[in-house]
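>>> output the structure for:
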Amino acid sequence: MTSERVEEEGCPPDGLPEGAERSAPELVVITGMSGAGRSQAIHTFEDLGYFCIDNLPPAFIRQLVDLTRLPGSRVRRIAVVCDVRAKEFFEELVGELRHLEEVGVPFHLLYLEADDDTLVRRFKETRRRHPLCAEGDSVVDGIAHEREALAEIRTRADLIIDTSRLKPGELRNAIRERFFIGSLATSLAVTVVSFGFKYGLPTDADIVMDVRFLPNPYYLADLRPRTGLEEPVRRYVLEREQTAEFLEKWFDLLGTLAPSYLMEGKTHLIVALGCTGGMHRSVALAEETARFLGQLGFRVAVSHRDIAKDREQR
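Prediction:
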């Protein structure tokens, strides 16, 4: 049996008091040259918690924003790709962006480009047809048509990234540095797991901490049947000078490592704390660890993998 929960922020499911109007979500519109990395960009936003749609006709942007304002909606960040694959619908993009400005919906316009030689090489490597190549046109012709079609949109972009010399990982880093520094709460999800070493290590853990060096409540008859979620066990574990010293250093370490994982592109971090049976010490300390990471602004879930196994075996 596994006990699992998510740290809440003391608000209704949709985050608003009853009757309040939802604000517009954070919106990023991605556009630019075919072959310049739009797919890589949308995957980066998706990994970082955005609701993403590729190749969205511009006319649907305002409808998508309106849907996020409906009661119960949990979508607060949207990234969409609008490009020339939409053919004649793409011509509506400038007008749609103007409408968003008029009604006060904030957005970012991310424009990706690359030089002609790089784009030609990428199309040859993928053997794909350029979307603006008419019958008899070359890839170079298609690129020229696309640059002309995108000229006005490019002037409106608040971020232009030239991907000619960028590897996919470098493009992801460039996007994260522009959009996600300082937004840890919605960019990195953390799961804190308690477990018992006698039942094996969590196979998917990124960080594992062994807390068996602390005195074990199991050897006290009145605490043995209780868990680290109960106050008597919590006090026994947490009110020790040894534990306080450990938590101070443990939190310093996590405060350094967690943001670094984010900047390296990780979107889900699993932190595991283990004691002998996974019922007492690791449970209490996993709760404290989750509380600390929540205070730093991370989205935190807590899972007590083995909390009931010792009890079930007795």
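
>>> name the surrounding residues that touch the one helix or strand residue 62 maps to.
Assigned by DSSP states H and E, residue 62 belongs to helix 61-68. Here helix 61-68 makes contact (Cβ atoms under 8 Å, 6 or more residues apart in numbering) with 22, 24-25, 27, 29, 51, 53, 56, 73, 75-76, 78, 80, 82, 96, 99-100, 103, 105. C-beta: built from backbone N, CA, C; applies to glycine.

>>> so which of the residues you listed belong to helices?
Using DSSP state H, the subset of those located in helices is 96, 99, 100.

>>> and for the second one, the neighbour number?
Pointing back at residue 99 there. Residue 99 has 15 neighbouring residues, counting by other Cβ atoms under 10 Å.

>>> report pLDDT for residue 75.
Per-residue pLDDT puts residue 75 at 84.

>>> helices of the stretch 151-300 of the chain, residue ranges please.
Taking DSSP state H, counting those that start in this stretch, the helices of the stretch 151-300 of the chain run over residues 168-179, 184-187, 231-238, 241-263, 281-296.

>>> hey, least reliable of these by pLDDT?
helix 184-187 (a mean of 57).

>>> by mean pLDDT, which helix or strand of this protein comes out lowest?
Across the helices and strands of the chain, mean pLDDT, DSSP states H and E gives its lowest value to strand 3-6, namely a mean of 50.

>>> before we move on, the earlier item: of all the helices of the stretch 151-300 of the chain, which lies closest to residue 305?
helix 281-296 (9.2 Å; Cβ to Cβ).

>>> surely residue 83 and residue 38 touch.
Yes - the pair residue 83 and residue 38 qualifies as a contact (Cβ atoms under 8 Å) at a distance of 6.3 Å.

>>> any shared contact partners between these two?
Common neighbours of residue 83 and residue 38 (Cβ under 8 Å, 6+ apart) are 31, 32.

>>> from residue 281, how far off is residue 223?
Here residue 223 is placed at a distance of 11 Å from residue 281 (Cβ to Cβ, to the nearest Å).

>>> repeat that for residue 69.
46 Å.

>>> have a look at those two and say which one is more surrounded.
Set side by side, residue 69 and residue 281 show more neighbours around residue 281, with 28 against 14, by other Cβ under 10 Å.

>>> contacts only, for that one.
Taking Cβ under 8 Å, 6+ apart, one finds 211, 212, 214, 216, 217, 228, 237, 275 in contact with residue 281.

>>> so which of those is the closest to residue 268?
residue 211 (22.7 Å).

>>> only the C-alpha atoms, please, for stretch 267-278, written as CSV.
Extracted in CSV, the C-alpha atoms of stretch 267-278 (Å, rounded to 0.1, in the frame of the first residue of the first chain):
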residue,chain,number,x,y,z
THR,A,267,11.3,18.7,-15.3
HIS,A,268,10.6,16.1,-12.7
LEU,A,269,12.9,15.4,-9.7
ILE,A,270,12.4,12.5,-7.4
VAL,A,271,14.0,12.8,-3.9
ALA,A,272,13.9,9.6,-1.8
LEU,A,273,14.5,9.2,1.9
GLY,A,274,14.9,5.7,3.3
CYS,A,275,14.9,4.1,6.8
THR,A,276,14.7,0.4,7.7
GLY,A,277,11.0,-0.2,7.1
GLY,A,278,9.8,3.0,5.6
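
>>> now stretch 152-164, how far from the centre of its chain.
Computed by Cα atoms, centre = their mean, to the nearest Å, the chain-centroid distance of stretch 152-164 equals 24 Å.

>>> do stretch 255-269 as well
Taking mean C-alpha positions (Cα atoms, centre = their mean), stretch 255-269 and its chain are 11 Å apart.

>>> what of stretch 173-181?
12 Å.

>>> okay, which residue is most central for this structure?
For the chain, residue 48 is the residue whose C-alpha lies nearest the centre (Cα atoms, centre = their mean; 2.7 Å).

>>> so that residue touches residue 266, yeah?
No - using Cβ under 8 Å, residue 48 makes no contact with residue 266, being 10.3 Å away.
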